[in-house]
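# Pasted the sequence and its predicted model underneath.
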Amino acid sequence: MAWIDLNADLGETVAGIPTADDEAMFAVISSASIACGGHAGDAASLTVAVDRAARFGVAIGAHPSYPDPANFGRVPLAMRPAELTSAVAAQLAALVDAGADVRYVKPHGALYHAVTADAAHADAVVAAVADLAARLGRPVAVLGLAGRIEHATRTAGLPFVREAFLDRGYRPDGSLVPRGEPGALLHDPAEVAARAVRLVREGVVETRDGMPVPADAVSLCLHGDSPAAVAMARAVRAALDAEGIGVRAPW
């Protein structure tokens, strides 16, 4: 039986206000990447997210970012490696302190993209993950796209899991269409559900121009803060179920 992980970025509370219907999203996913204070989230939202994960049997991942809540972590910061390691480590610790059994780490926003190309920032993030793994006494995986971060993770002896995005546009080189450009975001539940099935069955994703590109992914991501997030997540889960594709966490 084929299977896939379905993850969502959740717990992204800003000024005490949730940006997504986390309760509905937790009901259909297998892994949740929880914001832990860098771009969003606070002590209260972390506690709520950990409780939801337990109720729905969802694996928990940390979703650290550049420490920049004013820009929701979507602006690259020129941080020294040691400074970045410290910032990421503090965010991971906040999630652990909330009672989370952290199974993986997925950088957020600008940091997510930076670590695919910037070796220094990739190494800095992995250093924080490696420290967490050492303290927990077990491996902690890194979730992301291929690039410098995958190399740094594997060099550190940690698992790396590739993901693909169901609700983001792709360019011909396999990178994501930058937010703000035409075709960057997908909103049609039927289109997103069909993309999920094709990713599992064929290992490809269509670009915004309709061309197929390889996408070797173990986990598929939906952004919880999209207006159509719940409808898309439910459509994806229904399509996977109809195809006999299991949904489970790989951690």
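Perfect, I can see it now.
# Buried residues of stretch 127-140, list them for me.
Of all the residues in stretch 127-140, those buried under the rule 16 or more other C-beta atoms under 10 Å are 127-133, 140. No exception for glycine: its C-beta is placed from N, CA and C like everyone else's.
# Any chance of a markdown table for those, columns secondary structure, distance to residue 212 and pLDDT?
Below are the buried residues of stretch 127-140 laid out as a markdown table (DSSP: H, G, I helix; E, B strand; the rest coil; distance: C-beta to C-beta, whole Å; pLDDT from 0 to 100):
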| residue | secondary structure | distance to residue 212 | pLDDT |
| --- | --- | --- | --- |
| 127 | helix | 37 | 98 |
| 128 | helix | 36 | 99 |
| 129 | helix | 32 | 99 |
| 130 | helix | 36 | 98 |
| 131 | helix | 40 | 98 |
| 132 | helix | 37 | 98 |
| 133 | helix | 36 | 98 |
| 140 | coil | 33 | 98 |
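# Closest one of those to residue 103?
Comparing these against residue 103 with C-beta to C-beta places residue 140 closest, at 6.9 Å.
# The closest one contacts residue 103, doesn't it?
Yes: Residue 140 is in contact with residue 103 according to C-beta atoms under 8 Å; the separation is 6.9 Å.
# Tally up the residues packed near residue 112, please.
Using other C-beta atoms under 10 Å, residue 112 has 23 neighbouring residues.
# any idea what sits nearest it, other than its immediate chain neighbours?
If the residues on either side of it in the chain are set aside, residue 112 comes closest to residue 144, at 6.4 Å by C-beta to C-beta, 6 or more residues apart in numbering.
# Look at residue 103 and give its secondary structure.
Three-state call for residue 103 (DSSP: H, G, I helix; E, B strand; the rest coil): strand.
# And it, how close does it get to residue 8?
From residue 103 across to residue 8, the span is 15 Å (C-beta to C-beta, to the nearest Å).
# Quick check on the two: which one has the bigger neighbour count.
More neighbours surround residue 8 than the other of residue 103 and residue 8, with 31 against 20 (other C-beta under 10 Å).
# Show me what the strand or helix carrying the more buried one pairs with in its sheet, parallel or antiparallel.
Following DSSP states H and E, the helix or strand that holds residue 8 is strand 3-10. Take DSSP bridges as the rule and strand 3-10 pairs in its sheet with strand 31-35 (parallel), strand 219-223 (parallel), strand 246-247 (parallel).
# With distance to residue 151, mean neighbour count and mean pLDDT added, can I get these in a markdown table?
Formatted as a markdown table, the strands paired with strand 3-10 follow (distance: least, C-beta to C-beta, whole Å; neighbours: other C-beta atoms under 10 Å; pLDDT from 0 to 100):
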| stretch | distance to residue 151 | mean neighbour count | mean pLDDT |
| --- | --- | --- | --- |
| strand 31-35 | 21 | 29 | 98 |
| strand 219-223 | 19 | 24 | 96 |
| strand 246-247 | 29 | 16 | 98 |
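# In a markdown table: these, plus distance to residue 209.
Formatted as a markdown table, those follow (distance: least, C-beta to C-beta, whole Å):
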| stretch | distance to residue 209 |
| --- | --- |
| strand 31-35 | 29 |
| strand 219-223 | 21 |
| strand 246-247 | 29 |
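# For residue 235, which of these is the nearest?
When the strands paired with strand 3-10 are compared by C-beta to C-beta, strand 219-223 sits nearest residue 235, at 10.1 Å.
# CA-only coordinates of that closest one, as CSV, when you get a sec.
Taking Å, rounded to 0.1, in the frame of the first residue of the first chain, the C-alpha atoms of strand 219-223 are listed here in CSV:
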residue,chain,number,x,y,z
SER,A,219,5.7,14.6,2.9
LEU,A,220,3.2,16.9,1.3
CYS,A,221,2.6,20.4,2.8
LEU,A,222,-0.5,22.5,3.0
HIS,A,223,-0.3,26.0,4.6
